[in-house]
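Novice: Below: sequence and its predicted model.
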Amino acid sequence: METIQINCNEVCLDGCIRPDRCQNQAHIESASKFINETSLDKMHEMAEEARRKKMSAPPQWVIPDWD
């Protein structure tokens with residue numbers, strides 16, 4: 001059987017069109033496991049820590065490369 005790669009961001013907007021052969025199945029399973037095993041308070045702590053880390057980082061300037 002031939003494996004066809006599809007762009008899920010474009011094709012699966014209304015839901016997975018190939019749930020039995022989803023190429024992102026490993027990500028779905030790991031995300032479901034994380035959600036089921038992690039308390040909402042712990043997720044909130046993780047998000048708050050990431051926000052604090054981002055806010056305390058120095059600004060990153062993007063200088064365009066105009067030729």
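Specialist: Nice, thanks for sending it over.
Novice: and residue 36, helix, strand or coil?
Specialist: At residue 36 the chain is in helix, as set by DSSP: H, G, I helix; E, B strand; the rest coil.
Novice: What is the burial count for it?
Specialist: 7 (other Cβ atoms under 10 Å). C-betas here are computed from N, CA, C, even on glycine.
Novice: What pLDDT does the model give it?
Specialist: The confidence metric pLDDT takes the value 96 at residue 36.
Novice: Look up how far residue 63 lies from residue 22.
Specialist: 40 Å (Cβ to Cβ, to the nearest Å).
Novice: Those two: who's more crowded?
Specialist: Neighbour count, other Cβ under 10 Å: between residue 22 and residue 63, residue 22 has more, with 15 against 5.
Novice: Would you confirm that that one contacts residue 6?
Specialist: No: using Cβ atoms under 8 Å, residue 22 makes no contact with residue 6, being 9.6 Å away.
Novice: residues making contact with the least confident helix or strand in the chain by mean pLDDT?
Specialist: Within the chain, no helix or strand scores below helix 8-11, which has a mean of 80 by mean pLDDT, DSSP states H and E. By Cβ atoms under 8 Å, 6 or more residues apart in numbering, the surrounding residues in contact with helix 8-11 are 16-17, 22-24.
Novice: at 6 Å instead, please
Specialist: Taking contacts as Cβ atoms under 6 Å, 6 or more residues apart in numbering, no residue outside helix 8-11 touches it.
Novice: export it as PDB, just CAs?
Specialist: Taking C-alpha atoms only, helix 8-11 is exported to PDB below (Å, rounded to 0.1, in the frame of the first residue of the first chain):
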ATOM      1  CA  CYS A   8      -3.200  18.300   7.500                       C
ATOM      2  CA  ASN A   9      -3.200  22.100   8.100                       C
ATOM      3  CA  GLU A  10      -5.000  22.500   4.800                       C
ATOM      4  CA  VAL A  11      -7.000  19.300   4.200                       C
END
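Novice: Now do the phi/psi pair for residue 39.
Specialist: phi -70, psi 160 (degrees, to the nearest 10).
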